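1. Whatever this is, show me its structure:
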Amino acid sequence: MAELTIDAVVFDVLGTLVDEPAGLRTGIRALTLSASPAPSLSPSPSLDDSGTERLLLLWQRHIEREQGRIVDGDRPYLPSDALDREAAEIVARAAGAEDPATGAAPDAVASLARAARRLPPWPDTVAGLARLAERFPLIGLSNASRTALLELNAHAGLRWHQALSAEDARTYKPDPEVYRLAVTVAGLPPERLLMVAAHAWDLRGAQALGLRTAYVARPVGDPPTSSDRFDLYAKDLADLAGQLGVS
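-> Numbers count the residues shown, from 1 in each chain. The predicted structure follows:
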């Protein structure tokens, strides 16, 4: 591995520092337990694990597809809040918390959409960020909107020197313009920034702009393939800090 000279560390947030599926599962379960459907509907039954996972997959596929369409120029830009609302409506409909005549109950959909901002941190996240911040400026770089990122950071206890939203580039990762936000704010050559993520697709996008890359393993995310060549591979943030020489 080539020697690393890093002056700032850039972190993906969703999946890398917070457990996004866990937060969404909580929101989906709450929807089926507390939604008040229209009189024409019987109450939504609580879901078993397989039902929750089916609805979670509906959400994830919608977000992935629509962000991809925006990156490809097939859809005008919308911030993550709007896409989360769309996903919440799809899930509410599939869960039976919607009246076919009038649509989903607005309060139930809004509450489910907000679940995307109430995501628990991984056990090592808060301490890991604090440890790395003793040595490096830390930049959060997320596809979450500015408003969502503020609430997400507060809920999970994430502390940054700078938090950047893809909303400022009016596109989504892996569009190079999102990574360019971090390069511009840092005022450094791309190769002096280390992009940390649990998603290989995210690291490939950063790599294309010249950033150095570190994959951190998480139970969720997009693992590297045999053809990926990232600079660092870490089992968690403590391992990453050690590899970067942070005591």
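
2. Now do whichever helix in the chain runs longest: which elements does it pack against?
-> Counting by DSSP state H, the longest helix found in the chain is helix 49-71. Contact partners of helix 49-71 among helices and strands, from 3 or more C-beta pairs under 8 Å, 6 or more residues apart in numbering; DSSP states H and E: helix 20-34, helix 80-95. (Glycine included, C-beta is placed from N, CA and C.)

3. list the helices and strands the shortest one packs on?
-> With contacts defined as 3+ C-beta pairs under 8 Å, 6+ apart, helix 20-34 has these neighbours: helix 49-71, helix 80-95, helix 106-114.

4. and with 10 Å instead?
-> Here helix 20-34 touches helix 49-71, helix 80-95, helix 106-114, helix 146-156, going by 3 or more C-beta pairs under 10 Å, 6 or more residues apart in numbering; DSSP states H and E.

5. mind exporting that helix as CSV, just the C-alpha atoms?
-> What follows is helix 20-34, C-alpha atoms only, in CSV (Å, rounded to 0.1, in the frame of the first residue of the first chain):
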residue,chain,number,x,y,z
GLU,A,20,-30.1,3.2,8.9
PRO,A,21,-32.0,-0.1,8.6
ALA,A,22,-32.6,-0.3,12.3
GLY,A,23,-34.1,3.2,12.5
LEU,A,24,-36.3,2.5,9.5
ARG,A,25,-37.5,-0.8,11.0
THR,A,26,-38.5,1.0,14.2
GLY,A,27,-40.5,3.5,12.1
ILE,A,28,-42.2,0.8,10.1
ARG,A,29,-43.2,-1.2,13.2
ALA,A,30,-44.6,2.0,14.8
LEU,A,31,-46.6,2.7,11.6
THR,A,32,-48.4,-0.6,11.8
LEU,A,33,-49.0,-0.3,15.6
SER,A,34,-50.1,3.2,15.9
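
6. mind checking which of the helices and strands packed on helix 20-34 is nearest Asp124?
-> Minimum separation from Asp124 across the helices and strands packed on helix 20-34 (C-beta to C-beta) falls at helix 146-156, 12.5 Å.
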